[in-house]
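In: sharing a sequence plus its predicted fold:
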Amino acid sequence: MQKFRSAPLSQRGQVSPFLVMDVMRAAALREQERGDVLHMEVGQPATGAPKKVIAAAHKALDQQLLGYTGALGMSALRERIAGHYRDSYHVAVDPGQIVITTGSSAAFVLAFLAAFDEGARVALPSPGYPCYRHILQSLSVETVIMPVGDDNRWMPTASQLGDLSGQGKIDGVLLASPANPTGAMLADRELERLVQDCDRHGRWFISDEIYHGLTYHRPARTALEFGSNVIVINSFSKYFSMTGWRIGWMVVPRHMVRTVERLVQNLFISAPTLSQYGAIAAFDAIEELEEHKKTYRTNRDLLLDAFAGAGLDRFAPADGAFYLYADVSDYTGDNLEFAARILKETGVAVTSGADFDSQDGRNFLRFSYARSTTDMEQAAKRLSAWFQKL
């Protein structure tokens, strides 16, 4: 019998897991067994797509072929997104600079491939969305960490970037405002400084604006206002409540359009056509979406109040998105085990900060409040009672 030898796996594929997905699996198993799970682990709205999006999708199913679109996406959707920048930010964007993508995840892959060669160095805040690091790692791009915390209001600064630049070339900067996992927002002036610093040094500034629209004190500004070496990435997943539709977009400088188009042609062909038809209608559903945001704000406030009463009161500033990032170092030094215990003993699924910060993340938990207020009220009762017993 011929001897079997396993073919080797690539080193580029040896990325860290996205831990929240593991928590989702554990929560699903408990839900099957006991049916009592309250989900605070995943950044996904509990609401479905807006009614007008559903209607547009039904119409497209009945009337359209739903074949491939052009690699850059449907012209009607690109024009509608350009109108969104005009109406919401007072910024003129050429529809020709807009690329429709398979969610923001595909946009990150495209941006990184178009902007960075192997061995490039990209600065990221920590804590931050883990898939930034993991995708860059898979592309053999080095990540340079900018630690954030209470001393800089959980957002990087231009002076911090300057200090890093003195330690070696930085080819790009990537950040989100509002941020995941903290919900913190960058001050407008600091955003301007960071973007202009990148322009001066000929480096890329990649702005993840997926949580735009979900702010509670002031509107977010787009990085497109402040510089030229800017790539903006956004999605219909969060504010527009269309996670499973896997539809997003990016805005790129004119000289990058053809590069990104060639990449899309070869990697994805085009974004999902049905989702593109639905996304066009999303901009007509703002009234419905603003009601969702009111729910998130209510959820945020009731959780902050309930947690404070239970002695859990050290949070990053929850300016936007739908997350609370809580310091639980008084209770545990291993929040992976701590989060598993919370799920086991309360039926509430939460996410370890270790997903977002490999250094200090074990001292933090992330709570998502994107579910219904009824769910959040019940979760607050269970968690408050549990923490008070510790």
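Out: Cool, the structure landed.
In: can you give me the helices in the protein?
Out: Taking DSSP state H to define them, one finds helices in the chain at 19-34, 51-63, 75-89, 103-115, 130-138, 158-165, 188-201, 254-267, 273-282, 286-309, 335-346, 373-389.
In: pipe those helices into JSON lines and attach mean pLDDT per row.
Out: Listed next are these as JSON lines, based on pLDDT from 0 to 100:
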{"stretch": "helix 19-34", "mean pLDDT": "87"}
{"stretch": "helix 51-63", "mean pLDDT": "98"}
{"stretch": "helix 75-89", "mean pLDDT": "98"}
{"stretch": "helix 103-115", "mean pLDDT": "98"}
{"stretch": "helix 130-138", "mean pLDDT": "95"}
{"stretch": "helix 158-165", "mean pLDDT": "91"}
{"stretch": "helix 188-201", "mean pLDDT": "97"}
{"stretch": "helix 254-267", "mean pLDDT": "98"}
{"stretch": "helix 273-282", "mean pLDDT": "98"}
{"stretch": "helix 286-309", "mean pLDDT": "97"}
{"stretch": "helix 335-346", "mean pLDDT": "92"}
{"stretch": "helix 373-389", "mean pLDDT": "96"}
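In: go through those and name the closest to D357.
Out: Nearest to D357, of all the helices of the chain, is helix 130-138, at 8.9 Å by CB to CB. For every residue, glycine as well, the C-beta is placed using N, CA and C.
In: that closest one packs against which elements?
Out: Other helices and strands packing on helix 130-138, by 3 or more CB pairs under 8 Å, 6 or more residues apart in numbering; DSSP states H and E, are helix 103-115, strand 121-126, strand 142-147.
In: dump those into TSV; add distance to V251 and mean neighbour count as well.
Out: Output for these, formatted as TSV (distance: least, CB to CB, whole Å; neighbours: other CB atoms under 10 Å):
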stretch	distance to V251	mean neighbour count
helix 103-115	10	22
strand 121-126	19	22
strand 142-147	23	17
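In: which of those sits closest to I135?
Out: Nearest of the helices and strands packed on helix 130-138 (CB to CB): helix 103-115, 5.5 Å.
In: roughly how far is that closest one from the heart of the chain?
Out: Relative to its chain's centre, helix 103-115 lies at 13 Å (CA atoms, centre = their mean, to the nearest Å).
In: CA-only coordinates of that helix in CSV, if you can.
Out: The C-alpha coordinates for helix 103-115 follow below in CSV (Å, rounded to 0.1, in the frame of the first residue of the first chain):
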residue,chain,number,x,y,z
GLY,A,103,-18.6,43.4,2.5
SER,A,104,-15.9,45.5,4.1
SER,A,105,-13.8,42.3,4.5
ALA,A,106,-13.2,42.1,0.8
ALA,A,107,-12.4,45.8,0.8
PHE,A,108,-9.6,45.3,3.3
VAL,A,109,-8.1,42.6,1.2
LEU,A,110,-8.3,44.7,-1.9
ALA,A,111,-6.9,47.8,-0.2
PHE,A,112,-4.0,45.9,1.4
LEU,A,113,-3.1,44.2,-1.9
ALA,A,114,-3.3,47.5,-3.9
ALA,A,115,-1.3,49.6,-1.4
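In: what comes into contact with that helix?
Out: Contacting residues not belonging to helix 103-115 are listed as 99, 101, 122, 131-132, 135-136, 139, 141, 171-172, 204, 206, 208, 210, 231, 233-235, 237, 246-250, 252, 256, 259-260, 263-264, 267-268, 271 [CB atoms under 8 Å, 6 or more residues apart in numbering].
In: what's the angle from it to helix 254-267?
Out: If you take axes from the mean of the first three to the mean of the last three CA atoms, to 10 degrees, helix 103-115 sits at 110 degrees to helix 254-267.
In: tell me the angle of helix 103-115 relative to strand 121-126?
Out: Relative orientation of helix 103-115 and strand 121-126, computed by the same axes, to 10 degrees: 150 degrees.
In: what angle do helix 103-115 and helix 130-138 make?
Out: Using the same axes, to 10 degrees: helix 103-115 against helix 130-138 is 40 degrees.
In: helix 103-115 to helix 273-282, inter-axis angle?
Out: Helix 103-115 and helix 273-282 are oriented at 100 degrees to each other (the same axes, to 10 degrees).
In: which among the contacts of helix 103-115 count as buried?
Out: Burial by neighbour count, 16 or more other CB atoms under 10 Å: within those this picks out 99, 101, 122, 131-132, 135-136, 139, 141, 171-172, 204, 206, 208, 210, 231, 233-235, 237, 246-250, 252, 256, 260, 263-264, 271.
In: if you count neighbours, what's buried in stretch 185-197?
Out: Residues of stretch 185-197 classed as buried by neighbour count (16+ other CB under 10 Å): 185-186, 190-197.
In: quick one: contacts of it?
Out: Residues outside stretch 185-197 that contact it (CB under 8 Å, 6+ apart): 153, 155-158, 161-162, 173, 175, 177-179, 205, 207, 215, 218, 220-221, 223, 225-227, 229-230, 317, 319-320.
In: now restrict the residues you listed to buried residues only.
Out: Buried members of the contacts of stretch 185-197, counted by 16+ other CB under 10 Å: 153, 155-158, 161, 173, 175, 177-179, 205, 207, 215, 220-221, 223, 226-227, 229-230, 317, 319-320.
In: what about those residues, which are in strands?
Out: 173, 175, 205, 207, 230 (DSSP state E).
In: farthest-separated two in these?
Out: L175 and V230 (12.0 Å).
In: can you list the buried residues in stretch 32-46?
Out: The neighbour-count check on stretch 32-46 (16+ other CB under 10 Å) flags 37-46 as buried.
In: can you lay out the buried residues of stretch 185-197 as TSV showing distance to E287?
Out: Shown next, in TSV, are the buried residues of stretch 185-197 (distance: CB to CB, whole Å):
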residue	distance to E287
M185	24
L186	28
E190	32
L191	29
E192	32
R193	36
L194	34
V195	32
Q196	36
D197	39
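In: dump the residue contacts of L19.
Out: 130, 336, 351-352, 354-355.
In: can you rerun that using 7 Å?
Out: 352, 354-355 (CB atoms under 7 Å, 6 or more residues apart in numbering).
In: tabulate those (TSV), appending pLDDT.
Out: Shown next, in TSV, are the contacts of L19 (pLDDT from 0 to 100):
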residue	pLDDT
S352	92
A354	90
D355	89
